[in-house]
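> predicted model and sequence follow; I will ask about them next.
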There are 2 protein chains.
Amino acid sequence: MSRFALTIEFNGGPFMGLQRQAHGPSVQQSLEEAAQAITGEEVTLHSAGRTDSGVHALAMRSHMDIAKPFEPFRLMEALNAKLRPDPISVIACEVKPDDWHARFSCIGRSYEYRIHNRRAPLTFDRGLAWQIARPLDAEAMHRAAQSLTGFHDFTTFRSAHCQAASPEKTLDRLDVRREGEWVIVEAAARSFLHHQVRSMVGCLALVGQGQWEEEQMGRALEACDRQALGLNAPPDGLYFVKAVYPEEV
Amino acid sequence: MSRFALTIEFNGGPFMGLQRQAHGPSVQQSLEEAAQAITGEEVTLHSAGRTDSGVHALAMRSHMDIAKPFEPFRLMEALNAKLRPDPISVIACEVKPDDWHARFSCIGRSYEYRIHNRRAPLTFDRGLAWQIARPLDAEAMHRAAQSLTGFHDFTTFRSAHCQAASPEKTLDRLDVRREGEWVIVEAAARSFLHHQVRSMVGCLALVGQGQWEEEQMGRALEACDRQALGLNAPPDGLYFVKAVYPEEV
């Protein structure tokens, strides 16, 4: 039995999320079925993050155990061939020790949120970005974001369906920058609550449009109340970009 | 009657091309129908370029004459509202003198061709790039491209259906550069023959993969024979990026 670590890119548009769902297609189901077709084995995929319906990944980290011997490059090629036409691509594959776990060994996760800030409707980036027509003040958004970094109770920014034992998390980084017509939000933490990034981005967008004062962000956090949330950003603009493991730091 | 100059972005995937076609949807048809719905007038769209089925535009320049008075920004907003859900977006609109013509006043055109050079299948850029799995030598491609710049008979790089009076054109620029996993080709000329950019890129890709020596590019040009063409690149990676007008230089 070998433990294969996969790096996976996917367009979340057609999926109900990364995790298997009873009511629709998932990235996990596609990958497990591809692996089963190749190996004839029952294969389970474990991943660093659990992305929602419509959320994308540039480099999700996952693993699966396979008994049949495989050269990692060949396994990656075979998986990619079987995954067609799903918009899922295995972009790296390597063998890891048996005690390495894509989810439990992971000590850091990063997301990127892409806002296309223009009036004209999106053409190439439909489903791949959040379009906001009103001009955003990215610098004000960045300043407001700083009140969320550090150790806090993030109840305000947590979905009612969140299964985490505690709402307390340490947010390592929340940076906002403008790149032409784009406003990019980068978030890094050991782990996130359900909907945390989208909830934070939704409120930052209110600050960027001048509907919230910068100070409102800190007050919303302190309220520890989901009712204090201004807006939950749509999944379209959210990308899982990085998982950190101790041996790779 | 006012002449409105439009700058248009479109994803060419669902269209048979920019120009009206008897056998399928076109960007021109969508825009003319949108304008007619708004104005109640028969409107004809004239454009700087004629892109093929599946070819995209970041900034096509077009014009239409409309009798009903319109503030340009309001016309743009109304067109964009009517164009939904087509992946066509009017990103700028202004009034031009009656003798300004999107096609005949245009003195320069630029295209960009995007190659995603990696083994893993595309996820986000399906239909928006040409995927080439084998590693490309972008520097060799750039050197080979230089034999095509200047005034030449481009018969080798011209579609059998090309309607231009002469196969002689001046190619101002053909640059190839690598950006990570991407190889980008930029082409600029006063005008191009039908399929000229795709034909040049197809042959450059053969050079990049080592299937053609760099010198083969010049020999193919000199042959003045469509049979000397190595490969016509697919439309997916081609973008019309700029039209130049004398008063804007």
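Cool, the structure landed. This structure is a prediction, so every number in the text was calculated from the model and none was measured. Numbering: from 1, shown residues only, chains lettered A, B, ... in the order given.

> near the residue nearest to residue A:167 when sequence neighbours are not counted, how many other residues are there?
With C-beta to C-beta, 6 or more residues apart in numbering or on different chains as the measure, residue A:155 is the residue that lies nearest to residue A:167, at 4.4 Å, once sequence neighbours are left out. Quick note: C-beta positions are derived from backbone N, CA and C, even for glycine. Look at residue A:155: counted by other C-beta atoms under 10 Å in any protein chain shown, it has 18 neighbours.

> assign residue A:213 to helix, strand or coil.
Look at residue A:213: counting by DSSP: H, G, I helix; E, B strand; the rest coil, its state is coil.

> how near is it to chain B?
Going from residue A:213 to chain B by C-beta to the nearest C-beta, to the nearest Å gives 29 Å.

> got the contact list for that residue?
By C-beta atoms under 8 Å, 6 or more residues apart in numbering or on different chains, the contact set of residue A:213 is residue A:207.

> now it: phi and psi?
Main-chain torsions, residue A:213, degrees, to the nearest 10: phi -70, psi 160.

> just residue A:3 next, same as before
Torsion angles, degrees, to the nearest 10, at residue A:3: phi -100, psi 110.

> ok, now the one 3 residues further on?
The phi and psi torsions at residue A:6 (degrees, to the nearest 10) take the values phi -110, psi 140.

> bridging residues for it?
Note on residue A:6: beta-bridge partners residue A:62, residue A:93, judged by DSSP bridges.

> which residues touch it?
A:31, A:61-64, A:76, A:79, A:90, A:92-93.

> let's see that with 6 Å instead.
A:62, A:90, A:93 (C-beta atoms under 6 Å, 6 or more residues apart in numbering or on different chains).

> residue contacts, residue A:133?
Residue A:133 neighbours (C-beta under 6 Å, 6+ apart): residue A:119.

> count the neighbours of the nearest residue to residue A:196 once chain neighbours are set aside for me.
Using C-beta to C-beta, 6+ apart and skipping residues adjacent in sequence, the residue nearest residue A:196 is residue A:157, 5.0 Å away. The tally of other residues near residue A:157 (other C-beta under 10 Å) stands at 31.

> and residue A:157, what does it touch?
Taking C-beta under 6 Å, 6+ apart as the criterion, residue A:157 is in contact with A:196, A:199-200.

> mind redoing it with 7 Å?
Residue A:157 makes contacts with A:193, A:196, A:199-200, A:229, as judged by C-beta atoms under 7 Å, 6 or more residues apart in numbering or on different chains.

> residue A:109 too?
Neighbour list for residue A:109: A:48-49, A:189, A:191-192, A:243 [criterion: C-beta under 7 Å, 6+ apart].

> try it again with 8 Å
Per C-beta under 8 Å, 6+ apart, neighbours of residue A:109: A:48-49, A:188-192, A:240, A:242-244.

> just confirm it is within a helix.
No. With three-state DSSP as the criterion, residue A:109 is assigned strand and is not in a helix.

> show me the beta-bridge partners of it.
Counting by DSSP bridges, residue A:109 is bridged to residue A:189, residue A:243.

> now it: how far from residue B:207?
42 Å (C-beta to C-beta, to the nearest Å).

> same thing with residue A:72?
Residue A:72 sits at a distance of 31 Å from residue B:207 (criterion: C-beta to C-beta).

> ok, those two, which is more surrounded?
Neighbour comparison, residue A:72 and residue B:207: the larger count goes to residue B:207, with 25 against 16 (by other C-beta under 10 Å).

> quick one, what contacts the more buried one?
Neighbouring residues of residue B:207 by C-beta under 8 Å, 6+ apart: B:137, B:140-141, B:144, B:213-214, B:216-217.

> so who does the residue nearest to residue A:167 touch?
Per C-beta under 8 Å, 6+ apart, neighbours of residue A:155: A:167, A:224-226.

> roughly how far does it sit from residue A:168?
Distance of residue A:155 to residue A:168, given as C-beta to C-beta: 9 Å.

> try residue A:50
Relative to residue A:168, and taking C-beta to C-beta, residue A:50 is found at 19 Å.

> unless I'm mixing things up, residue A:143 is touching residue A:214, no?
Yes. The pair residue A:143 / residue A:214 is scored as a contact, 5.5 Å apart, by C-beta atoms under 8 Å.
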